[in-house]
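*Asks:* Model the structure of this input:
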Amino acid sequence: MNHPVAHGAIVLAIALASVGSIVTAQSDRASGATGGSGRAMLESEAFVPASGTGVPVRNGSIESDQAAAAARVTRHPTQVQVGAIGLEAPVIPVGVDDKSQFDVPIATTVGWYRYGSAPGQPGASVLAAHVDYNGDRGAFYDLSKLKPGDRVTVKMDDGATLQFTVTGVYEVQKHELPAEELFRKDGTPVLNLITCGGTFNPQKHSYNANVVVTAEPADAVSAQSLTA
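*Replies:* Here you go, the predicted structure:
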């Protein structure tokens, strides 16, 4: 479905709540961020879901995640390709905006959650994009059509090309997203592609669910594991 989405509407709604402190806004540019919008970041001691819409991305403050990411992330993705759905889109690093939402870029661009893992690193790397935006098809418009075994190619800023194999495709209500797993910082490498799905609410200019595609490094996925 291709619904007109109000300017600034995003794929993932993220609710921020402060535990023992006040939530404060901090400029993305002032913090040295390189995201596409330059909108304000939010700093909080904890992230918790709002009823029905929230997507907690992590525990801990943005400031501490910035330091951890700076020490851990040495390269970042610049492009994602998925031949099965004809996808070839640029990727930029993003965080969250001043409305407590995942700062997903414009329709044809994919956002990489830069305070998490980079593709191929231990932990879960998250790429998110619109399914549609202002009446146009988003970069992840056909994401739900992917199937286990499809190949995802990610190009990195150092010239490396990483290959991933889709291992799962599912739709989940936004308030039921397994955020701790989708945004985990350690463990075996996995790539999570996320967009909107489910029913569109024209009053709220949002969908009630998310489509999640999980993919693992291609050399770690056997044909037997895909059919098991």
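
*Asks:* so who does the closest residue to M156 other than its chain neighbours touch?
*Replies:* In this structure, M156 finds its nearest non-sequential neighbour in R75, 4.9 Å apart by CB to CB, 6 or more residues apart in numbering. For glycine as for every other residue, the C-beta is placed from the backbone atoms N, C-alpha and C. Residues in contact with R75 (CB atoms under 8 Å, 6 or more residues apart in numbering) are A118, M156, D157, D158, A160.

*Asks:* again, but for G168
*Replies:* P148, V212, V213, T214 are the contacts of G168 under CB under 8 Å, 6+ apart.

*Asks:* Could you look up the SS state of the closest residue to T74 other than its chain neighbours?
*Replies:* Counting by CB to CB, 6+ apart, the nearest residue to T74 once its immediate chain neighbours are dropped is A118, at 7.7 Å. Classification of A118 using DSSP: H, G, I helix; E, B strand; the rest coil returns coil.

*Asks:* lowest-pLDDT helix or strand in the chain?
*Replies:* Least confident helix or strand, the chain: strand 40-43 with a mean of 25, by mean pLDDT, DSSP states H and E.

*Asks:* Count the neighbours of M156 for me.
*Replies:* 18 (other CB atoms under 10 Å).

*Asks:* Show me the beta-bridge partners of it.
*Replies:* Counting by DSSP bridges, M156 forms beta bridges with P77.

*Asks:* One more: E216?
*Replies:* Assessed by DSSP bridges, E216 has beta-bridge partners T165.

*Asks:* Just the pLDDT at it, thanks.
*Replies:* With respect to pLDDT, E216 has a value of 97.

*Asks:* Please apply the same query to the one 10 residues further on.
*Replies:* Looking at L226, its pLDDT reads 64.

*Asks:* Hmm, S125 and the residue nearest to T74 touching each other?
*Replies:* Yes. Assessed by CB atoms under 8 Å, A118 is found in contact with S125 at 5.9 Å.
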